[in-house]
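**Student:** any chance you can model this:
(2 chains)
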2 protein chains.
Amino acid sequence: MLASLIALDRTDGEGLSRQLFMQIRRLIERGRLKPGSRLPASRQLADDLGVGRNTVLLAYEQLGLEGYLDADGRRGTRVSEASRGFRGSHHGVAEDAGAIPSPHLSQTALRLMGVPRREETRSMTFLPGMPEVRQFPHDVWARLMRRAARQVASREALLGYAHYTGLPMLKEAILEHVALARGVVADMDQVMILSSAQAAQDLVARMLLDAGDVALHEEPGYAGMTAALAGVCAKTLPIRIDAAAPYLGLAGEESGAEIPRLIYSSPSHQFPTGRVMALDERLALLRYAQERDCFILEDDYDSEFHFSGAPLSSLQGLDRRGLVIYMGTFSKALNPGLRVAYLIVPKRLVEAAGRCLRNVGSVPSVTVQWALRDFLREGHFRSHVLRMNRLYRQRRDCLVEQLRAQASDWLLPVVPDGGIQLPAYFCGKAVGLDDRALLGAMQEAGMEGSALSSLYWSGRTETRHGLLLGFAASDEVAIRRGVGQLASLLCKMAP
Amino acid sequence: MLASLIALDRTDGEGLSRQLFMQIRRLIERGRLKPGSRLPASRQLADDLGVGRNTVLLAYEQLGLEGYLDADGRRGTRVSEASRGFRGSHHGVAEDAGAIPSPHLSQTALRLMGVPRREETRSMTFLPGMPEVRQFPHDVWARLMRRAARQVASREALLGYAHYTGLPMLKEAILEHVALARGVVADMDQVMILSSAQAAQDLVARMLLDAGDVALHEEPGYAGMTAALAGVCAKTLPIRIDAAAPYLGLAGEESGAEIPRLIYSSPSHQFPTGRVMALDERLALLRYAQERDCFILEDDYDSEFHFSGAPLSSLQGLDRRGLVIYMGTFSKALNPGLRVAYLIVPKRLVEAAGRCLRNVGSVPSVTVQWALRDFLREGHFRSHVLRMNRLYRQRRDCLVEQLRAQASDWLLPVVPDGGIQLPAYFCGKAVGLDDRALLGAMQEAGMEGSALSSLYWSGRTETRHGLLLGFAASDEVAIRRGVGQLASLLCKMAP
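**Tutor:** Reported below is the predicted structural model:
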């Protein structure tokens, strides 16, 4: 009797007829109800289950629609012939996870999985790349978001699929900002707005590189770019940042077949060393790229923050040949939760970048773009950055002072002139220590950081060990306490 | 005299010292100021220009920092030796656009550029894939966005780089929705939240396919998927939707080397034909995929809307073998401006999809995700969809009625049981007409639509001409007027 196989839960939010549908369906799928067998009349089953007849009728109707039941003329309803298919291999056997083969993945997936990235973390102490989000003007932002959501309401076209490279009004505001602050020279059509710098790097790599094409990447260098290049199976060669004036020696390392198609560079504040590229190197890099007609991806990730004088202008502003693709993000200047970054591509790449971006679909919400435009235009961006600049300078000073006072037996900090993090190289007693082991111990103690050695990605460069320490998201109390804990760990691991 | 080469604009928002810096820099770059030549003392230049001495000092300092000027002991400041680099090919010659070579693009870029996609448009009349965004509850959404922006303010970890596959709370709300409405069976870790369905398709293609790998795609079929497969240089073979029961014949078309790794399918409401896949076909598709261990991407793009009874459950709910990747979006049910879509991947793909998504970086804003969770949880989603369902049914009826009344000499509409668009095939006098020509004329007259023939992507399938017409974003007045205009165009083009 069918009713004995059914158990309805009257407290369940799911409707009774939906439950009944799902349970009969499962009985058919598992072969408990065989093809051709007749179901009780709806009135009968309703009585047996103590539910309204409509509940049963709705369930039968849906089962009929989905092909599980066939009407059988006046004689009622039968389990369908089509459901015989459940007796095949797919549903007939037990759901044995062991029998499910591991998936065949693409080279892209396998390579991406091979690039070490930070696991999710909740500690902000020394977290590199993390700004002080607690002091972001959340109330202002909340107000602008509400206003933006209302203002876009009457703009049907904006809410559709138009503007897949970003809202023109935000592009305009970004251009004003980067022209003034970074010396970037471009028109609006050259701006592409994306969900993240990671998406931007990925787009550039995919647009310019086929599998096996040569790319140059800084070593030590940003893992996000290492991943983007791995994702297109590029042949990636190192620019050895620990060498003197690494960008002057590019041509020397090249062999015939290895002319690059793309060079990644963070000239204003090299990640992770903080090194600033001098003018002669910038010009040499541009000339090198021009002679080989290869593009340069300029990552200008945190140059909003600078502690003495203005920052150096962008490489893009020196380019007259359409070689430089400029990349910026709001993750450092504002907060990473916004998920807005941008590319400014040379004129000759506008069409390709736009078409590729459309097909990659990494576009931020229209409301967020609108609110961000207002945030820039109404001066909130500038005043927040100014305020954070002062704060980060204090925190940098505090971190350097604490490292010198408490950890100078092991760590030699490099004092950056801007940005939100600094490298501290192993020295003295720490020489020979594995920075990944130290980082593991720090994470257990509730801190963060990056092991500098993990940013050497080629396996063919002499590796310097040390830590990359963020100072922007940790207040002075946290910095003092953190350095104290770090010093005791070092004391244990390298006494 | 230097001052005669400088023209400062005192009304410009850009500071005077910034203008001075940029102008001297340009003089050096263009060779008007030669390496080694001495600049006037700051006081002198300030007098000549009628500005404060500090203005000049700041400009000189920045020029020094950027390597354009060298201090020359007590004798002042000279143009640097490093600036000799500007005389090289990069800056020395005129900025002649003609001399800039066209860029070398990857196969990915070239193939993506070859897939025809809709150009940006402002007309909503008959625009396929477009919901009625004017009736979206913008005020509710604005309030939820403001609240969300405030609530995330105290959650530092959320605003960082954590949760790169989406906020757990939104994943939970999505799972509740799709379990109930679509019969999807999954755990939270299987949900991946992305910026768009386009990004989701792209991720799946990249994760599973190498260049040359075989994929099956519906024909006629969704251009977004055509692009995603083109982007990984897959060998794409057609599932001929115009055939009877196309999914029963999959194995028959296959030759030895062409075992697919991925099958794209829109079983609940095939794009663009609106065809619903019957149970026997669903089971055959699952069995086919299981025997070859290939994945199925189930695109469930608009099944929130159904006009008689409940919609068929998802294919994912029938899968016991980890074969089906389910894809949903909020673009149709709510509005495309949100830019939120999701994948629900089999357990065995969770790690790969998460790692790939992290490295692709196509993630929506944290605030938008939070607000969307509230929108789902507080019942706004359900009541909006119910309301739109009634509205879209009326609009479908109106469009069908108008087409039958005014355009039956040329167009045969297929009446869909749900969704937001319908195909209307050429018949009678329109046989032999090119649907792209008709679409061009419609666009000139301020309408939209898709030419069905442009959704035949293989070049090897007999093409049916006709229009895909959206009815959700056009009110009854617009529909009546639009069909009238369409009929007069047809009358001219195929009298």
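
**Student:** need phi/psi at A:Arg261.
**Tutor:** Here the main-chain torsion angles of A:Arg261 (degrees, to the nearest 10) amount to phi -100, psi -20.

**Student:** and it, how far from chain B?
**Tutor:** Distance from A:Arg261 to chain B, counting by C-beta to the nearest C-beta, to the nearest Å: 6 Å. Every residue, glycine included, has its C-beta placed from N, CA and C.

**Student:** burial measure for that residue, as a count.
**Tutor:** By the criterion of other C-beta atoms under 10 Å in any protein chain shown, A:Arg261 has 22 neighbours.

**Student:** with the one 10 residues further on instead?
**Tutor:** For A:Phe271, the neighbour count with other C-beta under 10 Å is 26.

**Student:** report the contact partners of it.
**Tutor:** When contacts are counted by C-beta atoms under 8 Å, 6 or more residues apart in numbering or on different chains, A:Phe271 is found next to A:218, A:221-222, A:299, A:301.

**Student:** in strands, which of these appear?
**Tutor:** Within these, membership in strands is found for A:218, A:299, as judged by DSSP state E.

**Student:** reformat the contacts of A:Phe271 as JSON lines; add pLDDT.
**Tutor:** Converted to JSON lines, those look like this (pLDDT from 0 to 100):
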{"residue": "A:Glu218", "pLDDT": "97"}
{"residue": "A:Gly221", "pLDDT": "96"}
{"residue": "A:Tyr222", "pLDDT": "96"}
{"residue": "A:Asp299", "pLDDT": "97"}
{"residue": "A:Tyr301", "pLDDT": "90"}
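
**Student:** helix, strand, or coil at A:Arg78?
**Tutor:** At A:Arg78 the chain is in strand, as set by DSSP: H, G, I helix; E, B strand; the rest coil.

**Student:** for it, which residues are in contact?
**Tutor:** Taking C-beta under 8 Å, 6+ apart, we find A:Arg78 in contact with A:36-39, A:69-70, A:72.

**Student:** quick check: the gap between it and B:Arg481.
**Tutor:** Between A:Arg78 and B:Arg481 the computed distance is 50 Å (C-beta to C-beta, to the nearest Å).

**Student:** next: A:Ala215.
**Tutor:** Using C-beta to C-beta, we find A:Ala215 at a distance of 54 Å from B:Arg481.

**Student:** okay, now the unreliable bits of chain A?
**Tutor:** Applying pLDDT under 70 to the predicted model, the residue ranges of chain A that meet it are A:12-14, A:87-99, A:253-257.

**Student:** what helix or strand is the residue nearest the centre of it located in?
**Tutor:** The centre of chain A sits closest to A:Gln198, judged by C-alpha atoms, centre = their mean, with a distance of 5.0 Å. Remark: A:Gln198 resides in helix A:197-208, with elements defined by DSSP states H and E.

**Student:** can you mark which positions in that helix are buried?
**Tutor:** Neighbour counts using 16 or more other C-beta atoms under 10 Å in any protein chain shown place A:197-208 of helix A:197-208 among the buried residues.

**Student:** list just the nearest of these to chain B.
**Tutor:** The shortest gap between chain B and any of the buried residues of helix A:197-208 belongs to A:Gln198, at 2.8 Å (C-beta to the nearest C-beta).

**Student:** ok, that closest one - contacts?
**Tutor:** If a contact means C-beta under 8 Å, 6+ apart, then A:Gln198 has A:224, A:227-228, B:358-361 as its contacts.

**Student:** quick check: A:Ala341 touching A:Gln201?
**Tutor:** No - the pair A:Ala341 / A:Gln201 is not scored as a contact, 9.2 Å apart, by C-beta atoms under 8 Å.

**Student:** overlap in contacts, those two.
**Tutor:** A:Met327.

**Student:** A:Asp22: what secondary structure?
**Tutor:** Not quite, residue A:22 is Met, not Asp. Note that with three-state DSSP, the state of A:Met22 is helix.

**Student:** that one reaches B:Gly183, doesn't it?
**Tutor:** Yes - with contact taken as C-beta under 8 Å, A:Met22 and B:Gly183 are classed as touching, separated by 7.3 Å.

**Student:** counting neighbours, go ahead and name the busier of those two.
**Tutor:** For A:Met22 versus B:Gly183, neighbours defined as other C-beta under 10 Å are more numerous around B:Gly183 (21 against 18).

**Student:** wouldn't the more buried one be in contact with B:Gly317 here?
**Tutor:** Yes - at 3.5 Å, B:Gly183 counts as touching B:Gly317 under the criterion of C-beta under 8 Å.

**Student:** who has more neighbours, A:Ala215 and B:Arg481?
**Tutor:** Applying other C-beta under 10 Å to A:Ala215 and B:Arg481 shows that A:Ala215 carries more neighbours, namely 23 against 16.

**Student:** residues in contact with that one?
**Tutor:** With the criterion set at C-beta under 8 Å, 6+ apart, A:Ala215 makes contact with A:205, A:209, A:229, A:234-237, A:260-264.

**Student:** doesn't it fall inside a strand?
**Tutor:** Yes - the assignment for A:Ala215, made by three-state DSSP, places it in a strand.

**Student:** and the stretch 301-450 of chain A, which residues reach chain B?
**Tutor:** Proximity of the stretch 301-450 of chain A to chain B is assessed by C-beta under 8 Å from any C-beta of the partner chain, with A:309-310, A:312-313, A:318, A:320-322, A:331, A:335-340, A:346-349, A:351-352, A:355-356, A:358-368 identified as the residues in range.

**Student:** now those: which count as buried?
**Tutor:** For these, burial is judged from neighbour counts taken by 16+ other C-beta under 10 Å, and it is met by A:310, A:312-313, A:318, A:320-322, A:331, A:335-340, A:346, A:348-349, A:352, A:355-356, A:358-368.

**Student:** list the buried residues in the helix or strand hosting A:Asn389.
**Tutor:** Secondary structure from DSSP H and E places A:Asn389 in helix A:380-406. Buried residues in helix A:380-406, counted by 16+ other C-beta under 10 Å: A:380-381, A:384-385, A:388-389, A:391-393, A:395-396, A:398-400, A:402-403, A:406.
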